[in-house]
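**Q** Fold the following for me, if possible:
(one chain, ligands or ions: 1)
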Amino acid sequence: MPEPLNPALAEARFCPRCGREAEVRYPRSIRCPHCGYGAYYNPKPVACAIPVDADGRIVLLRRGFDPGKGRWTFPGGFVDLGESVEEAARREVGEELRMAVELGALVGVYSRDDDHVVLIVYAARALGEPALTAEAVEVRAFAPRELPWDDLAFWSTAVALRDFTREAGS
Ligand SMILES: [Zn+2]
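**A** The predicted model follows:
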C-alpha cells in the first residue's frame, strides 16, 4: 500500500489546541472554528546534488534505508528550518558520502501531486573521494551511458538524471 500523502492528518478530527471538532481538509489543512487554530501542510523540500568526479562520472549511492532501500540515487535530504536549500544539499552529501561538493547550476525542481516532497536538484563537483555510510551501503561513479536506469530509487531520480545527462550533452 502506498504511503498516505499526509499521515499526520489522516486520522485527525479534533483541534490539537482546544480539543473540539475541527474542519479537516485532507491532505491540505486543519482549521478550528472554535478557537481559530489553523495548520497548513505543504510538500517538503528535499535538497539534492548530483556529484560529478574529475573523470566526468556521476557518483551515486545505493540507499541503506527505505524508501528506496537497495536502489540507486544521488545524495539528498530534507531542508531543515535554519538552513538554505544549498546548505542542505552540501550537508546531505557530507552526511551520506563523507564528501564535500561545490554546487553548480540548478538541474531542476521535481514535484508531482501524488508525492509529498519537492526535489530541488543541483549539479555538483565532487571534492575528494566518497565513503560508505549507513545511508550509502554502496557507492559507485557511473559514466553517463552506464547509469543504472532500471534500478533507480525514485521517479524523480530518473527524471533528474535524464535532465542532467541531456544538459551535459552525453
Ligand atoms: Zn480549537
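
**Q** quick one: the helices in this structure?
**A** Secondary structure of the chain (DSSP state H): helices at 7-10, 85-97, 155-167.

**Q** in this structure, which spans are strands?
**A** All strands of the chain, identified by DSSP state E, fall at 23-25, 29-31, 38-40, 44-52, 58-63, 72-73, 76-78, 100-110, 117-127, 136-142.

**Q** burial of the nearest residue to Phe164 once chain neighbours are set aside, as a residue count?
**A** Nearest residue to Phe164, sequence neighbours excluded (C-beta to C-beta, 6 or more residues apart in numbering): Val107, at 4.9 Å. In this view, the C-beta of every residue, glycine as well, is placed from N, C-alpha and C. By other C-beta atoms under 10 Å, 24 other residues sit near Val107.

**Q** Which residue is the nearest non-sequential neighbour of the residue located most distally from the centre of the chain?
**A** Distance to the chain centre peaks in the chain at His34, reaching 37.1 Å (criterion: C-alpha atoms, centre = their mean). Distances taken as C-beta to C-beta, 6+ apart place Arg20 nearest to His34, at 4.5 Å, with adjacent residues excluded.

**Q** Then Asp80?
**A** Among residues not flanking Asp80 along the chain, Ala88 sits closest, at 6.6 Å (C-beta to C-beta, 6+ apart).

**Q** From Thr73, how far off is the residue nearest in space to the middle of the chain?
**A** For the chain, the residue nearest the mean C-alpha position is Val46 (3.8 Å; C-alpha atoms, centre = their mean). Distance, Val46 to Thr73, by C-beta to C-beta, to the nearest Å: 11 Å.
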